[in-house]
Every structure is written in structure tokens, then in C-alpha cells.
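Chemist: sequence below, structure please.
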Amino acid sequence: MSKYLDTTPSAFPNVPVDVGSATTPVQENAVAVQYNSWAGKKQTAASGGSYRTSGTLGAAARFDFSGSAVTFVTARGPGYGTVNIGIDGEYVATNLDLYAPTQQWKYKINYPLANGFHTIEILPTHTKNASSSGYGVVLDAFGRILHTNGLGLEKSQPIT
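Modeler: As a prediction, this is how the structure comes out:
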């Protein structure tokens, strides 16, 4: 059960995923990314040409993975709200403001971690900057998940 949201195991199955490919990010529509109350949208400027969005309080997206860092790929713009981000049951960002006067796709927020299994949760707050026209939060992809390659070196996933 999420520390931030009362959910059932069937809503967010715990499926750690090794995402060691060095060529593609984990897109928002990957089976490993679990959602409630998010809508899928198409946008050529987004990573992979699509994204998920929600501004609903109580909505959550969850990704269980193995690695030593994660990047949350989102968007900033005039109609976006704030988001809380949790990793391994602890908030790493609260009320992160995604408002910007102009649209910015593939906005990356990086979190270095100890190598191992981790869970990242994206939690819209349904609050916003006074200048924003909306409450939306975009989940575009997760990426740049680093792994030790057995030689003490790390490989990364680029965001396209």
C-alpha cells in the first residue's frame, strides 16, 4: 500500500522491472507504469509521442524499478499545477510547481539513488500557482535509470 494514497494491491501491482536498455526510456504507457485517474493524450513534442495527465487529488502513478537513479520526465506550461513526488515511501518533492509562462516538453527532474529496487510515485496535488490556468500534471516518461554493468561502470537511458 502506498504511503501517500490508500490503494489496493491490484491498483498498483508491485512488479520490479529491470529497464537496462540503453536506447529507449520507459514510456508512460509501459505496462510497468501503473495509474489511477490519469488520461492518455497524444503530442508529437512529448517523449514517444504521448503522455498521461491528471490534476485530480488522489490520482497517482507508480513505477517500480531496479537501478541507481531515475528521471521523471514531465512538462511545464501555463496550464499546469503542482505535484508531490515520492521515492521509496518518502517525499522527495512537495508542491513542485509545474507552471511556466510558455510550454516546455521533456522537462527532466533527476533523482540519484542507491543501486537497488525502488518505487517512484507521482501525485498531483490539485493546487496551482496563481498564474496557472489549470491543475494538470504531465507524466511523459521515466528515464536515465542507471545500472552497474558489472565493471563498476554505469550505463544510462537517453530521453528522446
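Chemist: where does the chain have low pLDDT?
Modeler: Where the chain drops to pLDDT under 70, the residues are 1-24, 144-160.
Chemist: at 90 what do you get?
Modeler: Across the chain, the ranges flagged by pLDDT under 90 are 1-26, 29-32, 65-69, 115-116, 143-160.
Chemist: residue boundaries of the strands in it?
Modeler: Here the chain has its strands, by DSSP state E, at 17-18, 26-27, 33-36, 39-42, 50-54, 60-76, 82-87, 90-97, 104-124, 137-139, 141-143, 147-148, 154-155.
Chemist: can I get these in JSON lines with mean neighbour count and distance to residue 130?
Modeler: Every C-beta, even on glycine, is put in place using the N, C-alpha and C of the backbone. Shown next, in JSON lines, are the strands of the chain (neighbours: other C-beta atoms under 10 Å; distance: least, C-beta to C-beta, whole Å):
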{"stretch": "strand 17-18", "mean neighbour count": "14", "distance to residue 130": "39"}
{"stretch": "strand 26-27", "mean neighbour count": "22", "distance to residue 130": "33"}
{"stretch": "strand 33-36", "mean neighbour count": "19", "distance to residue 130": "28"}
{"stretch": "strand 39-42", "mean neighbour count": "11", "distance to residue 130": "25"}
{"stretch": "strand 50-54", "mean neighbour count": "23", "distance to residue 130": "21"}
{"stretch": "strand 60-76", "mean neighbour count": "22", "distance to residue 130": "16"}
{"stretch": "strand 82-87", "mean neighbour count": "21", "distance to residue 130": "12"}
{"stretch": "strand 90-97", "mean neighbour count": "14", "distance to residue 130": "10"}
{"stretch": "strand 104-124", "mean neighbour count": "17", "distance to residue 130": "18"}
{"stretch": "strand 137-139", "mean neighbour count": "26", "distance to residue 130": "17"}
{"stretch": "strand 141-143", "mean neighbour count": "27", "distance to residue 130": "29"}
{"stretch": "strand 147-148", "mean neighbour count": "16", "distance to residue 130": "42"}
{"stretch": "strand 154-155", "mean neighbour count": "13", "distance to residue 130": "41"}
